[in-house]
Every structure is written in structure tokens, then in C-alpha cells.
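[1] here's my sequence, what's the structure:
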Amino acid sequence: MARAATTADAFNAVAEPRRREILDALTQGERPVNELVDLLGLAQPHVSRHLRVLREVGAVVVRDEGRQRLYRLNPQALKPIHDWVASYQHLWEERFNLLEDVLEDVLEDLKEEH
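    Residues are numbered from 1 along each chain as shown. Reported below is the predicted structural model:
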């Protein structure tokens, strides 16, 4: 029997594209739910469910202001993702260096042709 997907950590929580859209929107600052609903074009209950998951893993923080609930990004909760991706940085740098070498060779060949 397959194991049910979990959202108990930031990796699983941000695996859902709509949650990443919410995080992207919150990089601009604190927003109320209704603004996120408008930005995403989703029904309010769907946005609220995504926000609940993001809150549970600590990726967003909520505060009440009058009748509104305002959400803001908590980037510290996303640090494990950053750290994991950063471990691959040397591979990307190697590939970009190889690409740069190839491009330099192509440009040199073009100069020699003219």
C-alpha cells in the first residue's frame, strides 16, 4: 500500500505549485487572505487550506488585525530547502564553466572564418 503524501516538512509543503505561488506572493510583504484569493484565482477555502499547510510547517506566519488575518513569509522555515539546493551549486558552476568554454570555442571558430 502506498504511503500517503505528508506535508510535515517544508519540502513536501512547497511541492504543491499553488503553495509556491502563495509564497511568491508573500515575498512582496504581508497580505490578507482575500488578496491571495484574487491573485491566485482560487476559492477562499482552497487558499485557506494551502495557508494552513504552510503555517503548519512554519513557512508562513499569521496575525489578526481586526477582522482580517494577515499572512507573511517566514523565510527561516525554508532554509532547509535552500541548504539542500546549495549543495548542488558546485555542479551548476561546473556546467556553466563548461558551457562558457564551448561558447568561447564557437566564437573563436567564427572569428577565424571571417
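
[2] mind listing the strands for this structure?
    31-32, 60-65, 68-73 (DSSP state E).

[3] what would these look like in JSON lines with mean neighbour count and mean pLDDT?
    Yep, even glycine has a C-beta here, placed from its N, CA and C like the rest. Shown next, in JSON lines, are the strands of the chain (neighbours: other Cβ atoms under 10 Å; pLDDT from 0 to 100):
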{"stretch": "strand 31-32", "mean neighbour count": "17", "mean pLDDT": "96"}
{"stretch": "strand 60-65", "mean neighbour count": "13", "mean pLDDT": "95"}
{"stretch": "strand 68-73", "mean neighbour count": "17", "mean pLDDT": "96"}
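
[4] so can I have TSV of those strands showing distance to Leu39?
    TSV is the format used below for these (distance: least, Cβ to Cβ, whole Å):
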stretch	distance to Leu39
strand 31-32	8
strand 60-65	14
strand 68-73	12
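
[5] of all the ones you listed, which lies closest to Val102?
    strand 68-73 (38.7 Å; Cβ to Cβ).

[6] low pLDDT regions in this structure?
    1-7 (pLDDT under 70).

[7] where is the longest helix in it?
    helix 89-113 (DSSP state H).

[8] give me the contacts around that helix.
    Here helix 89-113 makes contact (Cβ atoms under 8 Å, 6 or more residues apart in numbering) with no residue beyond itself.

[9] contact partners for the spatially most central residue of the chain?
    The residue lying closest to the centre of the chain (Cα atoms, centre = their mean) is Arg20, at 4.6 Å. Contact analysis of Arg20 by Cβ under 8 Å, 6+ apart lists Val14.

[10] Ser48 now?
    Val33 are the contacts of Ser48 under Cβ under 8 Å, 6+ apart.
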